[in-house]
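Student: with the input below, show me the fold.
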Amino acid sequence: MSFYEGKLTEKTEGTLDNFGLHDKIEIYNREFHVHTGALLENQKIISEVFERGMFLISRDHRIALRSETQQIDYDFLNSETEQFHQSVIEELEALYQIKEKLDRYRHAKSHYYLGILFLRRNLFEEAVHQFTTSIDQDNNFMRAYMGLGISYLKSRQFSTAMATFQKALSMSEKYPDFLNYHGLA
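Tutor: As a prediction, the model looks like this:
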């Protein structure tokens, strides 16, 4: 379930950062804020996602503006900004839809890869769930232990991260990265 309320603002007083969108979306009882704006001087659109005031991810999209003319096609810029903003929202919603469908299946690698996608977006709770599910389905899946430990580390659960890395080290000494992350924990 999602909630979409887009607002576009435009200032034409000569400032270059004059387009912006903000949406509050609810996905599975979580509230995300998506801010998207156009930076004309850099010829790109930047979208940032926040949850409870915490920055999660940033995405940018290059736009081709003609520099030889002083006239900017605001309709084009408006359309590009709205499309990019919507694509960021749809990507976030798609992750949770995949999670819901994948919860019905027993496939350790799929849970691992979804965990990686959540981890890259700083959605640690979901990443931990996916890595834990992957380990429950294949307790020798070392990359899932690595992802789980990194998720705990990034979410500042240092003792749990250390325990995860220690367990993985006791199972296999083939992965020097476990030692590196263990040292960080």
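Student: for the chain, just list every one of the helices.
Tutor: Assigned helices in the chain, in chain order: 74-102, 108-120, 124-137, 142-154, 158-171, 176-184 (criterion: DSSP state H).
Student: so which of the ones you listed comes closest to residue 53?
Tutor: For residue 53, the closest of the helices of the chain is helix 124-137, at 15.7 Å, according to CB to CB. For every residue, glycine as well, the C-beta is placed using N, CA and C.
Student: could you pull up the mean pLDDT of stretch 49-60?
Tutor: Mean pLDDT, stretch 49-60: 93.
Student: winner for burial among the helices of the chain?
Tutor: Among the helices of the chain, ranked by average contacts under mean count of other CB atoms under 10 Å, first place goes to helix 142-154 (a mean of 22).
Student: per-domain residue ranges of this structure.
Tutor: Under the assignment automatic domain parsing, the domains of the chain span 7-99, 105-184.
Student: least reliable of the ones you listed by average pLDDT, please.
Tutor: The stretch with the lowest mean pLDDT among the domains of the chain is domain 7-99, at a mean of 81.
Student: how far does that domain sit from the chain's center?
Tutor: Centroid separation for domain 7-99 versus its chain: 15 Å, with CA atoms, centre = their mean, to the nearest Å.
Student: phi, psi of the residue nearest to the spatial centre of the chain?
Tutor: Centroid-nearest residue in the chain, with CA atoms, centre = their mean: residue 121, separated by 2.2 Å. Residue 121 adopts backbone torsions of phi -100, psi 10, taken as degrees, to the nearest 10.
Student: verify the stated contact: it with residue 88.
Tutor: No - with contact defined as CB atoms under 8 Å, residue 121 does not reach residue 88; the gap is 10.5 Å.
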